[in-house]
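In: what follows is a predicted protein model with its sequence.
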Amino acid sequence: MIQADPLRWLGVRHTARGGELRVWSANATGMLLCLFDSKDPDWVTRVRPMTRDAHGVWSVQSRSLVPGARYSIRVSGPDGLTHAFDGGRDLLDPYARGLLRTPTGQWRSYVQDDAFDWGGAQKPRIPLDHTVIYEAHVKGLTKLNPALPEELRGTYAGLAHPATIGYLKDLGVTTVQLLPVHQFTSEQRLIKQGLTNYWGYNTQNFFTPHAAYATAAAQFGGTGAVLREFKSMVRLLHEAGLEVVLDVVYNHTNEEGRLGPTSSFRGIDNASYYRQDDTGAYIDTTGCGNSLNFSLPAAQRLVLDSLRYWADEVQIDGFRFDLAATLGRDETNEFNPRHPLLIDILDDPILADSKLIVEPWDVGLGGWQSGRFPRGYLEWNDGYRDRMRTFWLTDVHAARQYGAAREGIGSFTRRLAGSAHVFSHDRGPLAGVNFITAHDGFTAADLVAYNQKHNLGNGEANRDGTSDNKSFNHGMEGPTTDAAIITVRQKAIRNLLGTLLLSAGVPMITAGDEFGRSQRGNNNAYCHDDELTWLRWDRDPWQQQLVQVTRRLLQLRHENPALRPVRFARSGERVPSASRMEWFNKDGLSMQEAHWDSPAERTVQYFAASTPEVEQYNRILLVVHGLEQPVTVTLPEPEGVSGFTLLWDSARDDLEGTLLHHGPGSELSLAGTSMQLLVAH
């Protein structure tokens, strides 16, 4: 376990004798605090030497360290292949809670004014089985929304505007997961190309909100104004019953490779903070130029302190850890699911109620760690994403080309039922965050309209972004006026959304998929801060209808606990809050081995009955058909079921004029590549 005493606290705190700054560096031989003029952050007004204790913590007290004070540190140390000390360079305090840019382009830390009245707002604490995540970009979500005052569009305040909150509540999501909002910068390569890092996975500091997402009034409103706007956003979302989860990037920093910009960690103690070999070359498991060394207690403590700050003082509900396998790499650079940092996050009382979501891989050796994180973590289920895309898209494409799909329905159903082959019984189906799309990759609309990526606008000759998209354009690459192709594409989107929202596990919707947002085939739009990535609010009728479909699916998920089991069922046992599952073929008979694996038998009837613990008893029947030819199925006859009522059909925008009530053993017609949800009585 990480010991609290040696490092106590780091950064600036207020004392009876003014402010005190504490910075850790194991290898530094000297450290200075530089204070800057209140009007000119490039003008040093005072320099104070700092003293080192036995644990590598350098400290200084100054009555000038008051809210609003601008400061830097200058660190000297030994030469050597693994070091990067420069005693004349102004560096950021890693624990700074305020940052600003000087007229000459330098960065300064400043002492934050963190006073705020929460007005009694409480974290919503949505149970996992009721959680629906909506992954969104702070700026992109509201930048084009005409319902917002222009000065609020694309800001924290815009996200908290009644129009935005009303849309999210009406849609039915519970948890807004924000792409990175820690202060970040664009990579040097992008700046030279005239591009920008839009997504934000290039962190400058782990304790400050990204200032550019605040309104102009907050950006120029003095000490604490940006933080107050951020906290106000959280408070208003909480008052509306919506959770806020942050996508956090602790695996690397914006200092890039060894020749990248030096602003903080590299100048403070390069040999300690970054993984290197004996020649000083970085061991990069992130693909971003560097990887923080989490075998180091100080680096572990940095992450814990940052998480505590956001969870406690900013009232954040949870965190999605980018490239989380890097956080679990030990002193030999091997992933260890019992890594001290991973365990201490779980054990920390301040984080006890936080949703902890990991991206369970990185790009290093042995980087794919899906299913191996400890109980208490939720994992992005990339296997779910790939399987569902394959079933509805590439298998359908193969059937058109070769007369048969490549696979049957068996692997689809394993993912639909909660991926028990990935997540252990003690973790249960809610350990998996299911998704069809995310910020990284095709949107849902582009999955059904493009066979190839179209990333030329990224400036890398279309080399960037994955080529393995598991997409299908349904006969025409990109936009088309062909009515038949448009119809089948829209049905394919409904199939993807329906599968996501009716599966066991925690679903994540990517903002814009609910209305068919396109990025014109760009599957790596990280460097586009423009209308390619911003959500449009002037929508075509079919897009408005898709929003209605998404809303209906979320309502059905909420109303039917059999769709969202908390635990895996066990044969012969009554497991509370599990769903007892039965599987039937198109003839209404129990599935046999040949039915699971045959590419010609891609129809299944999934019957799930809840095991009540806190909600009413519930039984559903989900009928899935994965071939383009229509099919007539015979409904099963489960014990105790007197009838079924149709709730949703992916082949239709609504159920007007449709026969809704069906008896066990009766026939039900399904359109090609479609699914229907029924409730049992």
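Out: Everything's here; your move. Numbering: from 1, shown residues only.
In: only C-alpha atoms from now on, for both contacts and neighbour counts.
Out: OK.
In: where does residue 125 fall, helix, sheet strand or coil?
Out: Residue 125 carries the three-state label coil when classified by DSSP: H, G, I helix; E, B strand; the rest coil.
In: break this structure down into its domains, please.
Out: 4-110, 128-254+287-559, 574-680 (automatic domain parsing).
In: rebuild the ones you listed as JSON lines, extending it with mean neighbour count and distance to residue 117.
Out: Below are these laid out as JSON lines (neighbours: other Cα atoms under 10 Å; distance: least, Cα to Cα, whole Å):
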{"stretch": "domain 4-110", "mean neighbour count": "18", "distance to residue 117": "17"}
{"stretch": "domain 128-254+287-559", "mean neighbour count": "20", "distance to residue 117": "9"}
{"stretch": "domain 574-680", "mean neighbour count": "18", "distance to residue 117": "35"}
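In: make CSV from these and add distance to residue 565 to it.
Out: Below are the domains of the chain laid out as CSV (distance: least, Cα to Cα, whole Å):
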stretch, distance to residue 565
domain 4-110, 39
domain 128-254+287-559, 6
domain 574-680, 5
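In: out of the ones you listed, which is closest to residue 120?
Out: Closest approach to residue 120 among the domains of the chain (Cα to Cα): domain 128-254+287-559, 9.0 Å.
In: in TSV: the domains of the chain, plus mean pLDDT and distance to residue 116.
Out: Formatted as TSV, the domains of the chain follow (pLDDT from 0 to 100; distance: least, Cα to Cα, whole Å):
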stretch	mean pLDDT	distance to residue 116
domain 4-110	95	14
domain 128-254+287-559	98	7
domain 574-680	96	37
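In: now residue 111: closest residue in space that isn't a chain neighbour?
Out: Nearest residue to residue 111 in three dimensions, chain neighbours excluded: residue 67, at 4.7 Å (Cα to Cα, 6 or more residues apart in numbering).
In: from residue 209, how far out is the one you found?
Out: Using Cα to Cα, to the nearest Å, we find residue 67 at a distance of 17 Å from residue 209.
In: likewise residue 26?
Out: Residue 26 sits 28 Å away from residue 209, going by Cα to Cα.
In: go on, residue 601?
Out: Distance of residue 601 to residue 209, computed by Cα to Cα: 52 Å.
In: contact partners for residue 140?
Out: Each residue near residue 140 by Cα atoms under 8 Å, 6 or more residues apart in numbering is listed here: 154, 533-535.
In: ignore what I typed, I meant residue 274.
Out: Neighbours of residue 274 in contact, by Cα under 8 Å, 6+ apart: 266, 282, 290-293.
In: report the contact partners of the residue lying closest to residue 202 once chain neighbours are set aside.
Out: Of all residues not flanking residue 202 in the chain, residue 254 sits nearest, at 4.7 Å (Cα to Cα, 6+ apart). For residue 254, the contacting residues are 184-187, 202-204, 261, by Cα under 8 Å, 6+ apart.
In: check which helix or strand residue 254 maps to.
Out: Using DSSP states H and E, residue 254 is not contained in any helix or strand.
In: phi and psi next, for it.
Out: Backbone geometry at residue 254, expressed as degrees, to the nearest 10, gives phi -80, psi 10.
In: ok so, going back, quick check: the residue nearest to residue 111 touching residue 112?
Out: Yes - using Cα atoms under 8 Å, residue 67 makes contact with residue 112 at a distance of 5.2 Å.
In: got any residues that touch both of these two?
Out: residue 223.
In: give me the residues contacting stretch 179-189.
Out: 135-138, 196-197, 199-211, 246-249, 254, 256, 260.
In: and stretch 413-427, by the same measure?
Out: Residues outside stretch 413-427 that contact it (Cα under 8 Å, 6+ apart): 370-371, 375-376, 384, 387, 428-432, 499, 502-505, 567-568.
In: equivalent analysis for stretch 555-572, please.
Out: For stretch 555-572, the surrounding residues in contact (Cα under 8 Å, 6+ apart) are 128-130, 172, 420, 425, 427-430, 501-505, 575-580, 608-611, 615-616, 618-620, 647.
In: one more time with 7 Å
Out: 129-130, 172, 425, 428-430, 501-505, 575, 577-580, 608-610, 618-620 (Cα atoms under 7 Å, 6 or more residues apart in numbering).
In: and the end-to-end length of it?
Out: End-to-end for stretch 555-572, by Cα to Cα: 32 Å.
In: about what we covered before: got a markdown table for the contacts of residue 274, with distance to residue 493 and secondary structure too?
Out: Below are the contacts of residue 274 laid out as a markdown table (distance: Cα to Cα, whole Å; DSSP: H, G, I helix; E, B strand; the rest coil):
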| residue | distance to residue 493 | secondary structure |
| --- | --- | --- |
| 266 | 46 | helix |
| 282 | 43 | strand |
| 290 | 38 | coil |
| 291 | 37 | coil |
| 292 | 39 | strand |
| 293 | 42 | coil |
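In: and those residues as TSV, adding distance to residue 438?
Out: As requested, the contacts of residue 274 are exported to TSV (distance: Cα to Cα, whole Å):
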residue	distance to residue 438
266	32
282	29
290	24
291	23
292	25
293	27
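In: of all the residues you listed, which comes closest to residue 123?
Out: Taking Cα to Cα as the measure, residue 123 lies nearest residue 292 of these, at 31.0 Å.
In: and residue 162, how far is that from residue 331?
Out: 49 Å.
In: to clarify, my last question referred to residue 668.
Out: The gap separating residue 668 from residue 331 is 59 Å, by Cα to Cα.
In: also residue 620?
Out: For residue 620, the distance to residue 331 - Cα to Cα - is 49 Å.
In: can you map out the strands along the stretch 151-300 of the chain?
Out: 175-178, 243-248 (DSSP state E, counting those that start in this stretch).
In: now those strands as TSV including distance to residue 380?
Out: Formatted as TSV, the strands of the stretch 151-300 of the chain follow (distance: least, Cα to Cα, whole Å):
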stretch	distance to residue 380
strand 175-178	13
strand 243-248	12
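In: and of those strands, who's closest to residue 637?
Out: Nearest to residue 637, of those and by Cα to Cα, is strand 175-178 at 37.8 Å.
In: which neighbours in the sheet does that closest one have, and how are they oriented?
Out: Take DSSP bridges as the rule and strand 175-178 pairs in its sheet with strand 133-136 (parallel), strand 243-248 (parallel).
In: CA atoms only: put that strand into CSV for me.
Out: C-alpha atoms of strand 175-178 as CSV (Å, rounded to 0.1, in the frame of the first residue of the first chain):
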residue,chain,number,x,y,z
THR,A,175,-24.5,9.7,-16.9
VAL,A,176,-22.6,12.2,-19.0
GLN,A,177,-19.0,11.0,-19.7
LEU,A,178,-16.9,13.9,-20.8
